[in-house]
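Novice: just the structure for this:
(one chain, ligands or ions: 1)
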Amino acid sequence: MILPIYLYGQPVLRKEAEEIEPGYPNLKQLIADMYETMSQSDGVGLAAPQIGLSKRIVVIDADVLKESFPELAGVKLTLINPELDIIEDGKKVTREEGCLSIPGLSEPVARYEKVRINWLDEDFNEHEQTFEGFLARIIQHECDHLDGILYTDRISPIRKQLIRNKMRNIADGKVNCEYKVKQQKHQKR
Ligand code: NI
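Specialist: Below is the predicted model of the structure:
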């Protein structure tokens, strides 16, 4: 089932999400719905707060980026309760980033090039792995969502100032989107 994506301005995007416990009802269906929702909106990552659910689940399907990043062919990841360790002395790389919850914008964001994470898969098996490059960036972006952080929090003050009106329009519901969204009703001001 395709779910509406919550846009910037919705309070759930600013909450710290809760951990998922084993036995969480209909978890597999929820994950399937998240993949379907992400794919119809051409996203490469989606965190549960973006569908209005304040829980620590992330889905990633990076296959569509394989032309620019061949190493991402076939990469699909379901992360439950991910914990992110920045690799010590990690260098940061700046690249353009966007977000399904902030349509029509992309901005350069500095992220660690290499991160180690541990997480549970949908069967609650534990995993630990180090990721690099663009996949490490996607993981950092999505894990930020679980802590109520958006990529626009991580850009320079001058860039923030430059996109302020566009951000306000999104929060006010004055944005058109190709995918199904949940946003404020347009308010006349
Ligand atoms: Ni996002």
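Novice: need the three-state assignment for residue 131.
Specialist: Of the three states, residue 131 takes strand according to DSSP: H, G, I helix; E, B strand; the rest coil.
Novice: show me the contacts for the most centrally placed residue in the chain.
Specialist: The residue lying closest to the centre of the chain (Cα atoms, centre = their mean) is residue 142, at 3.4 Å. Going by Cβ atoms under 8 Å, 6 or more residues apart in numbering, residue 142 touches 45-47, 58, 60, 79. (C-beta placed from N, C-alpha, C; glycine too.)
Novice: name the residues of the helix or strand encompassing it that are buried.
Specialist: Using DSSP states H and E, residue 142 sits in helix 133-146. Using 16 or more other Cβ atoms under 10 Å as the test for burial, helix 133-146 gives 134-146.
Novice: cool, stretch 96-105 as well?
Specialist: By neighbour count on 16+ other Cβ under 10 Å, the buried set for stretch 96-105 is 97-103, 105.
Novice: nearest to residue 1 among these?
Specialist: Distance ranking of the buried residues of stretch 96-105 against residue 1, using Cβ to Cβ, places residue 100 first at 16.6 Å.
Novice: now that closest one: how far from residue 3?
Specialist: 11 Å (Cβ to Cβ, to the nearest Å).
Novice: hmm, who's touching the helix or strand following the helix holding residue 142?
Specialist: Using DSSP H and E, the helix or strand that follows helix 133-146 towards the C-terminus is helix 157-162. Identification of contacts with helix 157-162 by Cβ under 8 Å, 6+ apart yields 107-108, 152.
Novice: neighbours around the closest residue in space to residue 66 that isn't next to it in sequence, how many?
Specialist: In this structure, residue 66 finds its nearest non-sequential neighbour in residue 73, 4.0 Å apart by Cβ to Cβ, 6 or more residues apart in numbering. A count of nearby residues for residue 73, using other Cβ atoms under 10 Å, gives 12.
Novice: the one 4 residues further on too?
Specialist: For residue 77, the number of neighbouring residues by other Cβ under 10 Å comes to 21.
Novice: quick check: residue 46 is in a strand.
Specialist: Yes. Per three-state DSSP, residue 46 lies within a strand segment.
Novice: OK, contacts around it?
Specialist: 5, 34, 37-38, 58-59, 100, 142.
Novice: chain neighbours aside, what residue packs nearest to it?
Specialist: residue 38 (4.1 Å).
Novice: check which helix or strand the one you found maps to.
Specialist: helix 27-40.
Novice: and that helix, what does it pack onto?
Specialist: strand 45-47, strand 57-61 (3 or more Cβ pairs under 8 Å, 6 or more residues apart in numbering; DSSP states H and E).
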